[in-house]
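Novice: just to be clear, the model below is a prediction. Sequence and coordinates:
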Amino acid sequence: MAVLVVGASGAIGGAVVAGLIERGVDVRASSRTPAKLSLPESVRVFAADLNEPASFAAALEGVDRVFLYADLEHPEALVAAFVAAGVRHVVLLSSSSVTFPGAAEDFNGSRFLRVERAIEESGAAYTFLRPGGFASNAARWSWSVQRESAVPLPYPEAVQVPVHEQDIADVAVLALTGDALIGEKPVLTGPERLTLRQQVETIGAVIGRPVVVIEQTEAESTALLSQHVPEVWVRQIVKDWREAVGATPAISHEYERLTGAPSRSFRTWVEDNVHLFR
């Protein structure tokens, strides 16, 4: 059995590759810029573009399963190419946003729903991983933590349940190495609700010095984020923060159910990535 990991340059994709190698799986990886990938020699790397399905022809030869993330413009054509090549199971990195009311009209939810539907309608077996907000979103704060011991935020009391990317990768590896998760759509979260302020305080506790929140207006935050993030994402990020103030988002226990282990905390993520903040 061969598995193709699409998006191996990302934190989750890279962890999926590592987990499959540990299990002795024949792993392949694809990227628009394969020269930028740093993977073990045992991993065959192919140049392929998500928006050019024909570019996957070589990568898909003999592949039984695919790990896919949902950042693509025309999912129907790509999924059809997978099925035509003999792929029988697609494990999709989707989003919990597809479960929210009004998801079909929401920028974030709608793009993930389109990919999910394309896979469902293709006839291929599927597993949809639906994580909530990533703990790794806190990496955006690294520069200001390092230089100013502060994080500027418009809504520091926004509540999240940040999920460690390794938890997502662990479930993906389970799905890619057996049939038990076929047809499942697990929502994955971390083990605890934390405000953005509490996340900032956790970073300070781990690095051993206080880190404070500098409160901003929406306009100030938008201007700052726009220097580094496309406008459509800036609007989504600020909207999500605004709507999360005072919220009580659900805590999923799917990771524990599927793996038998407790999900990793936000503090664990900071400890695993402490170099970002020192």
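Specialist: Received the coordinates, thanks.

Novice: where do the helices sit along the chain?
Specialist: Assigned by DSSP state H, the chain shows helices spanning 11-22, 57-60, 75-84, 107-122, 142-148, 165-176, 196-207, 218-225, 231-244, 254-259, 266-272.

Novice: out of those helices, which is the most enclosed?
Specialist: helix 165-176 (a mean of 24; mean count of other C-beta atoms under 10 Å). (Glycine included, C-beta is placed from N, CA and C.)

Novice: packing partners of that one?
Specialist: On a contact count with 3 or more C-beta pairs under 8 Å, 6 or more residues apart in numbering; DSSP states H and E, helix 165-176 meets helix 11-22, strand 63-69, strand 89-93, strand 125-131, strand 187-188, helix 254-259.

Novice: what angle separates that helix from helix 11-22?
Specialist: 50 degrees (axes from the mean of the first three to the mean of the last three C-alpha atoms, to 10 degrees).

Novice: pLDDT weak spots in the stretch 51-200 of the chain?
Specialist: Scanning the stretch 51-200 of the chain for pLDDT under 70 picks out nothing.

Novice: can you list the domain ranges for this protein.
Specialist: Annotated domains of the chain cover 2-131, 136-161+191-247+264-276 [automatic domain parsing].

Novice: right, and the ones you listed - which one's nearest residue 255?
Specialist: For the domains of the chain, the distance to residue 255 is smallest for domain 136-161+191-247+264-276, at 8.4 Å, taking C-beta to C-beta.

Novice: now do that closest one: distance from first to last residue.
Specialist: In domain 136-161+191-247+264-276, first residue to last residue: 11 Å (C-alpha to C-alpha, to the nearest Å).

Novice: any idea how far that domain is from the chain center?
Specialist: Distance, stretch centre to chain centre, for domain 136-161+191-247+264-276: 17 Å (C-alpha atoms, centre = their mean, to the nearest Å).

Novice: ok so, going back, now the helices and strands packed on helix 165-176 in TSV, with distance to residue 56?
Specialist: Output for those, formatted as TSV (distance: least, C-beta to C-beta, whole Å):
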stretch	distance to residue 56
helix 11-22	15
strand 63-69	9
strand 89-93	13
strand 125-131	17
strand 187-188	27
helix 254-259	29
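
Novice: so for residue 278, which of these sits nearest?
Specialist: helix 11-22 (18.9 Å).

Novice: what helices or strands is that closest one leaning on?
Specialist: Partner elements for helix 11-22 (3+ C-beta pairs under 8 Å, 6+ apart): strand 2-6, strand 26-31, strand 63-69, helix 165-176.

Novice: and those: which comes nearest residue 94?
Specialist: Closest to residue 94 of the helices and strands packed on helix 11-22, according to C-beta to C-beta: strand 63-69, at 8.7 Å.

Novice: only alpha carbons, please: show the closest one as PDB.
Specialist: What follows is strand 63-69, C-alpha atoms only, in PDB (Å, rounded to 0.1, in the frame of the first residue of the first chain):
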ATOM      1  CA  VAL A  63      -1.300   4.900  -4.600                       C
ATOM      2  CA  ASP A  64      -4.200   3.500  -2.500                       C
ATOM      3  CA  ARG A  65      -4.900   6.400  -0.100                       C
ATOM      4  CA  VAL A  66      -4.400  10.100  -0.200                       C
ATOM      5  CA  PHE A  67      -4.000  12.700   2.600                       C
ATOM      6  CA  LEU A  68      -5.400  16.000   1.300                       C
ATOM      7  CA  TYR A  69      -5.800  19.500   2.600                       C
END
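
Novice: of the helices of the chain, which approaches residue 187 most closely?
Specialist: Nearest to residue 187, of the helices of the chain and by C-beta to C-beta, is helix 254-259 at 6.1 Å.

Novice: residues in contact with that closest one?
Specialist: Under the contact criterion C-beta atoms under 8 Å, 6 or more residues apart in numbering, helix 254-259 has outside partners 167, 170, 171, 174, 181, 186, 187, 188, 261, 262, 263.

Novice: want to throw the residues you listed into CSV with distance to residue 222?
Specialist: Formatted as CSV, the contacts of helix 254-259 follow (distance: C-beta to C-beta, whole Å):
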residue, distance to residue 222
167, 31
170, 35
171, 34
174, 39
181, 39
186, 33
187, 29
188, 29
261, 39
262, 37
263, 32
